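> Pasting the sequence and the predicted coordinates here, then a few questions.
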Amino acid sequence: MELTITRNAENADVTLIGSFTFNDNPKFKTILELTEDGTVKSINCNFARVDFVDSAALGMLMMLRAAAANKNQSVSLSDVKGQVEKIFKLSKFDTMFHVHYSK
């Protein structure tokens with residue numbers, strides 16, 4: 001997976017590209033570090049270019065959710081589609097995150 005982080009004011013936009021799997025744990029720590037920045041109020045992870053997630057990726061997202069909640073930050077998952085949409089719906093991620101599905 002590749003990722004880029006764009007910051008503007010109190011928001012951090014994370015663009016993910018490729019497959020998001022267990023092997024991406026070191027890269028994911030970059031996203032997790034956003035929760036330590038007191039100026040960040042919201043984190044949006046854009047999944048428009050993600051074609052696959054595994055169970056480890058779901059666990060990493062849950063870690064992000066918990067860390068953000070401890071800092072009163074919000075986390076949203078946007079442009080979710082395809083296999084990722086199916087996995088998120090089966091995992092009931094829309095009950096834990098703000099999820100925006102692609103049309």
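Perfect, thanks for sending it. Bear in mind that the values here come from a model prediction, so they are computed numbers and not experimental data.
> helix or strand for the residue nearest the centre of the chain, which one?
The centre of the chain sits closest to C45, judged by CA atoms, centre = their mean, with a distance of 4.0 Å. Using DSSP states H and E, C45 maps to strand 42-53.
> State the mean pLDDT of that strand.
Throughout strand 42-53, pLDDT has a mean value of 98.
> Then stretch 4-14?
pLDDT averaged over stretch 4-14 gives 96.
> gap between it and the chain center?
How far stretch 4-14 lies from its chain's middle: 12 Å, per CA atoms, centre = their mean, to the nearest Å.
> And that stretch, what's buried?
Across stretch 4-14, burial judged by 16 or more other CB atoms under 10 Å covers A12, D13, V14. For glycine as for every other residue, the C-beta is placed from the backbone atoms N, C-alpha and C.
> Chain neighbours aside, what residue packs nearest to the last one?
Which is V14. Spatial nearest neighbour of V14, excluding adjacent residues (CB to CB, 6 or more residues apart in numbering): C45 at 4.7 Å.
> Spit out the contact partners of the residue nearest to the centre of the chain.
V14, L16, I31, L61, L64, V75, S76, L77, S78 (CB atoms under 8 Å, 6 or more residues apart in numbering).
> check contacts around the fifth one.
Applying CB under 8 Å, 6+ apart to L64 gives the contacts F28, I31, L32, T35, I43, C45, V75.
> Just the buried residues of these.
Of the contacts of L64, these count as buried by 16+ other CB under 10 Å: F28, I31, T35, I43, C45, V75.
> Go ahead and confirm the fourth one touches A69.
Put plainly, it is I43. No. Taking contacts as CB atoms under 8 Å, I43 lies outside contact range of A69: 11.3 Å.
> tell me the phi and psi of F97?
phi -130, psi 160 (degrees, to the nearest 10).
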